[in-house]
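Trainee: Sharing a sequence plus its predicted fold:
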Amino acid sequence: MLSRISSKLSNCRSKKERAPSASSSRKYIVRKLLGDEGLEQIEFDGNEARAILKKLGFDEPQHMENKTWRFPIEVVDDDTQKRYSLELRQDVKFGPFGFHEDWAGRVVADRDFDGNEEIGFYVHPKTGEIHFSVVNADAASDDDEYSLECATL
């Protein structure tokens, strides 16, 4: 009886001590903020946009390229825990799918970004919100560790 109990305990212990699998690591879509252009807006390419919309539970718009789409969404800054209500959009007039003047007017101003940051975006699997964090070592403190796996959502 005692040997069965100790066997079960060692099995539990070994399961807890296993390293997390690669699939459990966070996957970011990374954008480098380059000069004024990166500070003004964040853009996602077609495949990234489709993946984001799918994870957010939106039906994929037909022929995204030449249409205007607007999706109000909560965006969370993982570094400060501040929440933003932004508009993820594609507008024929304003160009590619992403965050446009809302990004510059609110997030960049709050965080005092200078254009050297790499920002990682991901869709939170439980809340369906877009989260972001500064993921490059230059902009982060020495104590911060980032597990960065560049991949589409």
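Mentor: Received, thanks.

Trainee: Name the spans of this structure whose pLDDT lies under the cut-off.
Mentor: Filtered on pLDDT under 70, the chain yields the residue ranges 1-25, 35-38, 59-66, 92-95, 137-153.

Trainee: switch to 50 and redo it
Mentor: For the chain, residues meeting the criterion pLDDT under 50 lie at 1-24, 139-153.

Trainee: And for Phe113, the neighbour number?
Mentor: Phe113: 18 surrounding residues under other CB atoms under 10 Å. C-beta: built from backbone N, CA, C; applies to glycine.

Trainee: Kindly apply the preceding question to His124 instead.
Mentor: By the criterion of other CB under 10 Å, His124 has 14 neighbours.

Trainee: Tyr28 now?
Mentor: Tyr28: 23 neighbours (other CB under 10 Å).

Trainee: Val135 versus that one, what's the distance?
Mentor: 6 Å (CB to CB, to the nearest Å).

Trainee: try Tyr122
Mentor: Shown here: Tyr122 relative to Val135, a distance of 10 Å by CB to CB.
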